[in-house]
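Engineer: Fold the following, please.
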Amino acid sequence: MGVFDVFSRNKEEKLEKGLSKTRDNFFSRLSKVIVGKSKVDSGVLDDLEEVLISSDVGVNTTVKIIERIEERVARDKYVNTGELNQILKEEIIGLLVENEKSSFTEVGLENKIKPCVIMVVGVNGVGKTTTIGKLAYKFKTAGKQVVLGAADTFRAAAVDQLAIWSERAGVPLVKKEMGTDPASVTYETLDYAVKNNSDVVIIDTAGRLHNKVSLMNELAKIKRVMKKVIPEAPHEILLILDGSTGQNGFEQAKQFTQVTEVNALAITKLDGTAKGGVVLGISDQFNVPVKYIGVGETIDDLQIFDRVAFVEKLFQKQQ
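Structural biologist: Below is the predicted model of the structure:
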């Protein structure tokens, strides 16, 4: 069984349920745009633009979508409002597929890197620890030997929470006293992984952004220490964003990509928010691919992000 196979269990059902609040909010607004209108004209498009922006799709991505629909209306001469849902869905999918970055692999697992080291970053409260636990569970279920490293040593709660998740996932955790140098914990975790022939190492890091210089120095030190044990590490730097914060997620992504070389994103808490449109904007605009989405609270509610499936489920209610 591959890792991607594990992520696909009950995928469609969980995705549909997880996007219900975003879907209901989006279509309640969209229905007001077309009420009493027979065709898609400039007025409808102006209102649609407002709906997309207010649904946290983002200004730049919204402008692209509106321009594509304008071109289609001009080409087809007459487009009635009954077709708007289908056209909107097709154009969003087309935009995301065209802009899709080179597809990722199962980092370090397909190309036999062992152990594969994943460093996880993100501000406090975005679901970082929970996502680490769910990832550990997925890899463990796929038959991989996983070890976690509690390098967020500035909050006792962070270490305690990670300990709980390590038990749930059934994987070992390397931890030290609060206030310990995070790089020291990282070194011991990688050393443990090498000695125990582990497949995957997941390192938690502190989530502070108020002092970017300190954060940058800390993350740089952690990476230097990693390379003393495994020269190619980290193989992946995964940034966790909270989908319920909407446009604030864009700002967090900008901040973290400035201080470290993020190469994958995970967007959490989509099941508890009507702001899931932010996934579309982030997927379109960032040079870092959205790799995972969280659509529920249980250990099995983390999914590989599929752009087409995401948009299909977002529009499913109206079909």
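
Engineer: The residue minimising distance to the centre of the chain and residue 199, how far apart?
Structural biologist: Residue closest to the average C-alpha location in the chain (C-alpha atoms, centre = their mean): residue 266, at 1.9 Å. Computed as C-beta to C-beta, to the nearest Å, the residue 266 to residue 199 distance reads 20 Å. Using the backbone N, CA and C atoms, a C-beta is placed for each residue, glycine as well.

Engineer: do residue 191 as well
Structural biologist: 16 Å.

Engineer: Same check on residue 135?
Structural biologist: Counting by C-beta to C-beta - residue 135 and residue 199 are separated by 13 Å.

Engineer: which one of the two has more residues nearby?
Structural biologist: For residue 135 versus residue 199, neighbours defined as other C-beta atoms under 10 Å are more numerous around residue 135 (24 against 20).

Engineer: For residue 118, what are phi and psi?
Structural biologist: Note on residue 118: its backbone torsions stand at phi -110, psi 120 [degrees, to the nearest 10].

Engineer: Report how many residues lie close to it.
Structural biologist: Neighbours of residue 118 using other C-beta under 10 Å come to 23.

Engineer: do the same with residue 163
Structural biologist: By other C-beta under 10 Å, neighbour count at residue 163 equals 15.

Engineer: Could you check which helix or strand contains it?
Structural biologist: Using DSSP states H and E, residue 163 sits within helix 156-169.

Engineer: Let me see the residues that make contact with that helix.
Structural biologist: Residues outside helix 156-169 that contact it (C-beta atoms under 8 Å, 6 or more residues apart in numbering) are 124, 129-130, 132-134, 136-137, 140, 146, 148, 150, 152-153, 172-173, 175, 178, 204, 206, 299.

Engineer: Look at residue 36 and tell me its secondary structure.
Structural biologist: In three-state terms, and counting by DSSP: H, G, I helix; E, B strand; the rest coil, residue 36 is coil.

Engineer: circling back to that earlier point, show me which of the contacts of helix 156-169 are buried.
Structural biologist: Buried subset of these (neighbour count, 16 or more other C-beta atoms under 10 Å): 129-130, 132-134, 136-137, 140, 146, 148, 150, 152-153, 172-173, 175, 204, 206, 299.

Engineer: Mind checking which of the residues you listed land in helices?
Structural biologist: 129, 130, 132, 133, 134, 136, 137, 140 (DSSP state H).

Engineer: Just confirm the first one contacts residue 202, I think it does.
Structural biologist: No: between residue 129 and residue 202 there is no contact under C-beta atoms under 8 Å: 10.6 Å.

Engineer: Strands of the stretch 201-319 of the chain, start to end?
Structural biologist: For the stretch 201-319 of the chain, the strands defined by DSSP state E, counting those that start in this stretch cover 236-242, 264-268, 290-294, 302-304.
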